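K.L.:
got a structure for you, letters missing:
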Ligand code: KG4
Ligand code: ZN
């Protein structure tokens, strides 16, 4: 049995977790900074970094207590090294380095996006690569092939906004505030996309683009002006959500036809979206087995980082830049196209 301590501080969630053999979550303590950033309408990097630093020691205690573990029991420390907000990453990596030195434990740096894929392995302990992944988060909309542990080939990405970013910005236009994605999801449930149809972005190959759709929403709201009703807003939320979701799945469908893997993972914060969860199952159908992590493992958490660290740290796999000594200037290492 191997115990991995995971640390995640890349954006606005502080999280510490203990995971057994990369598959079994013993504890996964998450503190969301939503309340801290709410009044600013988005994440303030300086405040986020300071809050990570203040909360990590307590969260570490809670994670150890929740798992019934002592520092001595830990075999590996895994920390998110990127991509993310530089100051926030620095806090997590610094604390990870400190603990590794104090407890004489090996430390490994994890690409946050690997973590989102490995979240699916926590949800389904029998899941193994090869697999096709769609990682949809606040900063990424990536289609990725994972032929084996620790190898990720990006075959599709966004030209402009990520899906989560598009949800957040459109939610703001609709007066929903931060965090936008979940609020837009809730509003869309009371709307009808057919009453306010919006264009569905479509680029050649496996590329995404959501900025045109965002502009279409802006113009529609401008045209409606003061006469916009609450029902109009709900209908627009539903239409926006439908366009993003269908665009994401159109490319997943093509990718799956081109690369007929038997396992498909859809993960990242946007994978918490109600319509995406429903439609992904329909689009994948019986061509492959679809795994979408439960909501608490879709959004940022340290259990997924511990799992990714366990499966990708040497000697299990040779991961370029897998060892962490400091935050790397190029955090995309190990997530290549
Ligand atoms: O993976 P994540 O927690 O953080 C990043 O790595 O970026 O993803 C956060 C993103 C945000 O843009 C948030 O609005 C979006 O995921 N999100 C959602 C939903 N829940 C979170 N978007 C649409 N529907 C949701 N239910
Ligand atoms: Zn994330």
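P.N.:
Okay, I see it. Computed from a predicted structure; not experimentally measured. Ligands and ions are numbered 1, 2, ... in the order given.
K.L.:
CA atoms for contacts and neighbours, from now on please.
P.N.:
Will do.
K.L.:
Surely residue 25 touches residue 121?
P.N.:
No. Judged on Cα atoms under 8 Å, residue 25 makes no contact with residue 121 at a distance of 10.7 Å.
K.L.:
With neighbour numbers in mind, choose between these two.
P.N.:
residue 121 (24 against 21; other Cα atoms under 10 Å).
K.L.:
contacting residues for the more buried one?
P.N.:
By Cα atoms under 8 Å, 6 or more residues apart in numbering, the residues touching residue 121 are 23, 127-128, 307.
K.L.:
ok, of those residues, which one's closest to residue 52?
P.N.:
Closest approach between the contacts of residue 121 and residue 52, by Cα to Cα: residue 307, at 21.0 Å.
K.L.:
Distance check, that closest one against ligand 1.
P.N.:
The spacing between residue 307 and ligand 1, counted by Cα to the nearest ligand atom, to the nearest Å, is 16 Å.
K.L.:
Flag every buried residue along stretch 140-159.
P.N.:
The neighbour-count check on stretch 140-159 (16 or more other Cα atoms under 10 Å) flags 140-146, 149-158 as buried.
K.L.:
where does the residue nearest the centre of the chain fall, phi/psi-wise?
P.N.:
Geometric centre of the chain, nearest residue: residue 268, 2.8 Å, by Cα atoms, centre = their mean. Main-chain torsions, residue 268, degrees, to the nearest 10: phi 100, psi 170.
K.L.:
Tell me if I'm right that it and residue 116 touch.
P.N.:
Yes. In this structure, residue 268 is within contact of residue 116 by Cα under 8 Å, at 5.4 Å.
K.L.:
Between the two, which contacts overlap?
P.N.:
135, 298, 300.
K.L.:
Of the residues you listed, just say which sits nearest to residue 38.
P.N.:
Relative to residue 38, the closest of those is residue 300; by Cα to Cα it sits at 17.8 Å.
K.L.:
In contact with that closest one, which residues are there?
P.N.:
8, 13, 15, 116, 268-269.
K.L.:
Return the subset of those lying in strands.
P.N.:
Under the assignment DSSP state E, those contribute 8, 13, 15 to strands.
K.L.:
Turn those into CSV, including distance to ligand 1 and pLDDT.
P.N.:
Putting the ones in strands among the contacts of residue 300 into CSV (distance: Cα to the nearest ligand atom, whole Å; pLDDT from 0 to 100) gives the following:
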residue, distance to ligand 1, pLDDT
8, 10, 98
13, 8, 96
15, 12, 98
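K.L.:
Surely residue 222 is in a strand?
P.N.:
No. Counting by DSSP: H, G, I helix; E, B strand; the rest coil, residue 222 falls outside a strand, being helix.
K.L.:
Check the gap between it and ligand 1 for me.
P.N.:
Separation of residue 222 from ligand 1 (Cα to the nearest ligand atom) stands at 23 Å.
K.L.:
Show the model's pLDDT score for that residue.
P.N.:
If you check residue 222, the pLDDT there is 97.
K.L.:
Let me know the average pLDDT across stretch 281-288.
P.N.:
98.
K.L.:
Buried residues, that stretch. List them.
P.N.:
Neighbour count says stretch 281-288 has 281, 283-284, 288 buried, by 16+ other Cα under 10 Å.
K.L.:
Repeat that for stretch 285-305.
P.N.:
Buried residues in stretch 285-305, counting neighbours by 16+ other Cα under 10 Å, are found at 288, 290-293, 297-305.
K.L.:
again, but for stretch 183-198
P.N.:
By 16+ other Cα under 10 Å, the buried positions in stretch 183-198 come out as 183-185, 187-188, 191-193, 196-198.
K.L.:
Of the residues you listed, which fall within the contact range of ligand 1?
P.N.:
residue 185 (Cα under 6 Å from any ligand atom).
K.L.:
before we move on, back to that, so which of the contacts of residue 121 is surrounded by the most neighbours?
P.N.:
Using other Cα under 10 Å as the neighbour test, the contacts of residue 121 are led by residue 307, with 34 neighbours.
K.L.:
which residue packs closest to that one, ignoring adjacent ones?
P.N.:
residue 22 (4.2 Å; Cα to Cα, 6 or more residues apart in numbering).
K.L.:
for residue 148, same thing?
P.N.:
Sequence neighbours aside, residue 129 is the residue nearest to residue 148 in space, at 5.2 Å (criterion: Cα to Cα, 6+ apart).
K.L.:
sec struct for that neighbour, please.
P.N.:
When classified by three-state DSSP, residue 129 comes out as coil.
K.L.:
surely it meets residue 146?
P.N.:
Yes. Between residue 129 and residue 146 there is a contact at 6.2 Å, judged by Cα under 8 Å.
K.L.:
So residue 79, which state does it fall into?
P.N.:
Following three-state DSSP, we place residue 79 in the strand state.
K.L.:
okay, the closest residue in space to it that isn't next to it in sequence: pLDDT?
P.N.:
Leaving aside its sequence neighbours, residue 79 sits nearest to residue 7 (Cα to Cα, 6+ apart; 4.7 Å). Predicted confidence (pLDDT) for residue 7: 98.
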